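Novice: Any chance you can model this:
(chains A, B and C)
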Amino acid sequence: MPELPEVEVTRRGIAPHLVGRTIAAVTVREPRLRWRVSRAVRSLAGLTVRAVGRRGKYLLIDCGAGHLIVHLGMSGSLQWVDAQAQPGRHDHLDLVIAGGAGNRCVLRLRDPRRFGAVLWTAAAPSSHRLLRHLGVEPLSQRFDGAYLHALVREQRMAIKPLLMDARRVVGVGNIYASESLYLAGIRPQTPAAKLSRARTARLADAVRKTLRAAIRAGGSSLRDYVDGHGGLGCFQTRTRVYDRAGEPCRRCGASIRRIVQNQRATYYCPRCQR
DNA sequence: CCGACAACCTGTGAGC
DNA sequence: TGCTCACAGGTTGTCG
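Specialist: Residues are numbered from 1 along each chain as shown, chains lettered A, B, ... in the order given. Got it, this is the predicted structure:
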């Protein structure tokens, strides 16, 4: 589910109600996520949240003494709920906020597939083993045509899997990789190194535009994606190629193709993308 | 360095 | 209706 835009929408949704507040308790109903939720996570009561950041698809909740690192995996979502709201089968963890005797003082993690993660680190998050090797943020100043051109140099692999490689560029998942390549008019199978300077510039621009548009739209809403307040994203209704195999290209009418690259489905228009 | 593949899980939709 | 199968937004780790 969540790629960079969904994580960013979630971050913006939860930050205002989390920053400056104190954690009353962490309730773990199911510790078996991607990695077992540690004892440290359960004992954060009393800490005050200073900020909620993001690195790639990781949410970073700054608690002063350390950071909670949250990853939503394939099917995770965070939502504010009432203290008395009954947890469902896949509601694995609650962050209970102090002083909120009123409504919506529980930040609840739901993750049916349990590919997500909740970790605690006392050190700088950037030095954590999961974040240490992450590549450039596509919405940062650094990421432009020149940077991307340097990244693809001498790379024989296809451009789509390269775009999805978090060691090079973070946050671009399966949906937005296909969407960005469509917007840039580039075939997903193109060997990365064969892209000209001009085309990498177009692609960098397309990635930024695609991610920004998705954030503006409130994130994607395949299946049950919800933002921090339970609102549904609406990017799905606007995909150009993703999950549209056999349907006509919205620009030229050609039949959208589905291929498989690195075990992931890729969609593209055979006429608009060369 | 690369790609291929399995693994970690549950839910959904298609087809019979 | 009910069964089986393929597939799903992510990431790690192993192997050739």
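Novice: and residue A:67, what is it in contact with?
Specialist: A:60-61, A:120-121, A:125 (CB atoms under 8 Å, 6 or more residues apart in numbering). To be clear about C-beta, it is placed using only N, CA and C from the backbone, and glycine gets the same treatment.
Novice: Which of those residues has the largest number of neighbours?
Specialist: Counting neighbours by other CB atoms under 10 Å, residue A:61 leads the contacts of residue A:67 with 27 neighbours.
Novice: What is the three-state secondary structure of the nearest residue to that residue once chain neighbours are set aside?
Specialist: Closest residue to residue A:61 apart from its sequence neighbours, by CB to CB, 6 or more residues apart in numbering: residue A:68 at 4.0 Å. Applying DSSP: H, G, I helix; E, B strand; the rest coil to residue A:68 yields a three-state assignment of strand.
Novice: any weak-confidence spans in the stretch 1-150 of chain A?
Specialist: A:1, A:100-102 (pLDDT under 70).
Novice: Which part of it gets nearest to DNA strand B, residue-wise?
Specialist: residue A:113 (3.4 Å; CB to the nearest atom of the strand).
Novice: For chain A, which residue gets nearest to DNA strand C?
Specialist: residue A:173 (2.0 Å).
Novice: Once you drop chain neighbours, what's closest to that residue?
Specialist: residue A:3 (3.4 Å).
Novice: Touching, that neighbour and residue A:57? I think so.
Specialist: Yes - Residue A:3 is within contact range of residue A:57, at 6.7 Å (criterion: CB atoms under 8 Å).
Novice: Could you tell me which residues touch both of those two?
Specialist: Counting by CB under 8 Å, 6+ apart, the residues touching both residue A:3 and residue A:57 are A:171, A:173.
Novice: Identify the residues contacting the residue in chain A positioned nearest to DNA strand B.
Specialist: Using CB to the nearest atom of the strand, the closest approach of chain A to DNA strand B is made by residue A:157 at 2.7 Å. Contacts for residue A:157 (CB under 8 Å, 6+ apart) come out as A:191-192.
Novice: hmm, back to that, can you tell me how far the residue nearest to residue A:61 sits from residue A:23?
Specialist: From residue A:68 across to residue A:23, the span is 9 Å (CB to CB, to the nearest Å).
Novice: Tell me where chain A has helices.
Specialist: A:4-18, A:39-42, A:145-152, A:159-163, A:174-184, A:197-216 (DSSP state H).
Novice: Apart from its neighbours in sequence, what residue is nearest the residue of the stretch 1-150 of chain A closest to DNA strand B?
Specialist: residue A:75 (4.3 Å).
Novice: List, one by one, the residues from the stretch 151-274 of chain A near DNA strand B.
Specialist: A:155-158, A:161, A:223, A:261-263 (CB under 7 Å from any atom of the strand).
Novice: Now with 10 Å, please.
Specialist: A:152, A:154-162, A:165, A:167-168, A:191-193, A:223-224, A:260-264 (CB under 10 Å from any atom of the strand).
Novice: now those: which count as buried?
Specialist: A:152, A:155, A:158-162, A:165, A:168, A:192, A:261 (16 or more other CB atoms under 10 Å).
Novice: Same list, the residues you listed, but only the ones touching DNA strand C.
Specialist: residue A:165.
Novice: JSON lines for the buried ones among the residues of the stretch 151-274 of chain A next to DNA strand B, including distance to residue A:34?
Specialist: What follows is these, written out as JSON lines (distance: CB to CB, whole Å):
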{"residue": "A:152", "distance to residue A:34": "30"}
{"residue": "A:155", "distance to residue A:34": "29"}
{"residue": "A:158", "distance to residue A:34": "27"}
{"residue": "A:159", "distance to residue A:34": "28"}
{"residue": "A:160", "distance to residue A:34": "24"}
{"residue": "A:161", "distance to residue A:34": "22"}
{"residue": "A:162", "distance to residue A:34": "24"}
{"residue": "A:165", "distance to residue A:34": "19"}
{"residue": "A:168", "distance to residue A:34": "22"}
{"residue": "A:192", "distance to residue A:34": "29"}
{"residue": "A:261", "distance to residue A:34": "24"}
